[in-house]
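J.: Below are the sequence and a predicted model for it; my questions follow.
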Amino acid sequence: MKVRFFRPSDGRRCHYIIKKCLFTVNKKEDSLATRKNLAKNNTPKRLLEKNSMEKIYVAEDKNKVVGIIGIDDVGIIHHLFVDPRYHGKGIGSALLQKTITTAKKHKLKKVTTHSSILADGFYKKHGFKRIRKHTRKWLNSKITYIKMEKKI
Ligand SMILES: CC(C)(COP(=O)(O)OP(=O)(O)OC[C@H]1O[C@@H](n2cnc3c(N)ncnc32)[C@H](O)[C@@H]1OP(=O)(O)O)[C@@H](O)C(=O)NCCC(=O)NCCS
């Protein structure tokens, strides 16, 4: 497995992975409307737009993209999603590590993320501290996330 930069041709596969997570493993944590909004916010076109504003990486296993993550220039980590068939194989950790290395190269002192409720334990395992839980209105729905940060 390797971690490399996102390419425009990865858009469809990444969108599929994100949708797959949202409608299976993340099913219990947000309303259907919120998860639909999240899926719409991560279409191939949106991912391409985001790629010009942040660094997006993908994990590739045997020429197949199996996970995605992004980090912006102030150290906020975005959209970490691993194909559910590949969970528990160290892919999420490898992607997270890549963004931390990127942040260090940019001399940032901390990284932050808005974690899903379910991924809270994953980030804690990687040394993130819970700052606070937020619920806010988003489009036609409400979204709940946990702000977490790690000093690097
Ligand atoms: C969270 C996620 C990215 C983890 O990816 P992964 O590739 O399965 O994680 P890893 O295999 O690298 O796991 C690393 C460690 O974290 C643990 N872990 C993974 N997911 C966890 C979770 N949700 N809660 C607690 N611990 C978790 C693993 O058991 C493993 O522990 P170990 O080192 O003691 O064996 C993945 O479950 C996912 O895509 N979830 C759905 C999308 C999501 O919620 N993303 C977060 C958006 S903010």
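T.: Everything's here; your move.
J.: This structure: helices as residue ranges?
T.: Along the chain, the stretches classed as helices by DSSP state H are 11-22, 32-40, 44-51, 91-105, 120-125.
J.: Quick one: residues in contact with the second one.
T.: Counting by C-beta atoms under 8 Å, 6 or more residues apart in numbering, helix 32-40 makes contact with 15, 18-19, 22-23, 26-27, 30, 46, 138-143, all of which sit outside it. C-beta coordinates here come from the backbone N, C-alpha and C atoms, glycine included.
J.: one step back: could you dump the helices of the chain into TSV with mean pLDDT and distance to residue 72 added?
T.: Formatted as TSV, the helices of the chain follow (pLDDT from 0 to 100; distance: least, C-beta to C-beta, whole Å):
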stretch	mean pLDDT	distance to residue 72
helix 11-22	98	17
helix 32-40	95	18
helix 44-51	97	9
helix 91-105	98	10
helix 120-125	96	17
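J.: possible to save these as CSV with mean neighbour count and distance to residue 71?
T.: Formatted as CSV, the entries for the helices of the chain read as follows, by neighbours: other C-beta atoms under 10 Å; distance: least, C-beta to C-beta, whole Å:
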stretch, mean neighbour count, distance to residue 71
helix 11-22, 20, 15
helix 32-40, 17, 18
helix 44-51, 16, 11
helix 91-105, 18, 4
helix 120-125, 16, 14
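J.: Distance to residue 152 for the ones you listed - can I get that in TSV?
T.: TSV is the format used below for the helices of the chain (distance: least, C-beta to C-beta, whole Å):
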stretch	distance to residue 152
helix 11-22	25
helix 32-40	27
helix 44-51	22
helix 91-105	6
helix 120-125	13
